[in-house]
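Visitor: For reference, the sequence and a predicted model appear below.
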Amino acid sequence: MVQPPMDQNVTIYGWHFHIYMVPNDQKAYDRAHQWYEVAKAKWGKYMVREGSINIFDKPVGPHTLPMLQICLEDPNDADKNGKLLPEVLAWVQLNVDLMKFPTLIHPLTTPFSDEEELKDHTIRAFWAGNRQLLNTERL
């Protein structure tokens, strides 16, 4: 007997990449700022909102480290988001030292709820490099 999917009423409409930096490491910040410029040049035209590619110099939300964030989250074009996913993932794999800059990659799902957002950041997420702590109470 085939089991139905675990979340059969949930759909993925986008993805977040969180490339974490060591706090107070100027070389790491400089490198992340270089990646920021490259990411904006490569994918900025596909982003639907300001801040879809951003650097956070301090922890924000559930993220306990500073980070470069790349958001593929056009709610009106999930196909575009899905097509960009392998391109962004390949770029991260080829350009980011994942042992120094661990990366969380998680889906964005609908219908939106606090419970689904928690799942997106935990059981639906995957890590490149070493897993980092998340403050899930801040979701």
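Guide: That came in fine, so what should we check first?
Visitor: What residues does residue 132 make contact with?
Guide: Residue 132 is in contact with 20, 64-65, 102, 104, counting by C-beta atoms under 8 Å, 6 or more residues apart in numbering. (Each C-beta comes from the backbone N, C-alpha and C, glycine too.)
Visitor: Go through the residues you listed and say which is closest to residue 74.
Guide: Distances from residue 74 to the contacts of residue 132, taken as C-beta to C-beta, are shortest for residue 104 (20.3 Å).
Visitor: Which of the helices or strands spans the residue nearest in space to the middle of the chain?
Guide: What sits nearest the mean C-alpha location of the chain, by C-alpha atoms, centre = their mean, is residue 17, with 1.9 Å. Per DSSP states H and E: residue 17 is located in strand 11-20.
Visitor: And the helices in the chain?
Guide: For the chain, the helices defined by DSSP state H cover 26-43, 78-95, 114-121.
Visitor: Could you dump the ones you listed into TSV with mean neighbour count added?
Guide: Output for these, formatted as TSV (neighbours: other C-beta atoms under 10 Å):
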stretch	mean neighbour count
helix 26-43	15
helix 78-95	15
helix 114-121	16
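Visitor: that older thread, isn't the residue nearest to the centre of the chain right next to residue 103, touching?
Guide: Yes: with contact defined as C-beta atoms under 8 Å, residue 17 reaches residue 103; the gap is 6.2 Å.
Visitor: List the residues that are in contact with both of those two.
Guide: Going by C-beta under 8 Å, 6+ apart, residues that sit against residue 17 and also against residue 103 are residue 92.
Visitor: Quick one: low-confidence residue ranges for this structure.
Guide: 1-6 (pLDDT under 70).
Visitor: give the contact list for the residue lying closest to residue 59 once chain neighbours are set aside.
Guide: Spatial nearest neighbour of residue 59, excluding adjacent residues (C-beta to C-beta, 6 or more residues apart in numbering): residue 65 at 6.2 Å. Counting by C-beta under 8 Å, 6+ apart, residue 65 makes contact with 20-23, 59, 132.
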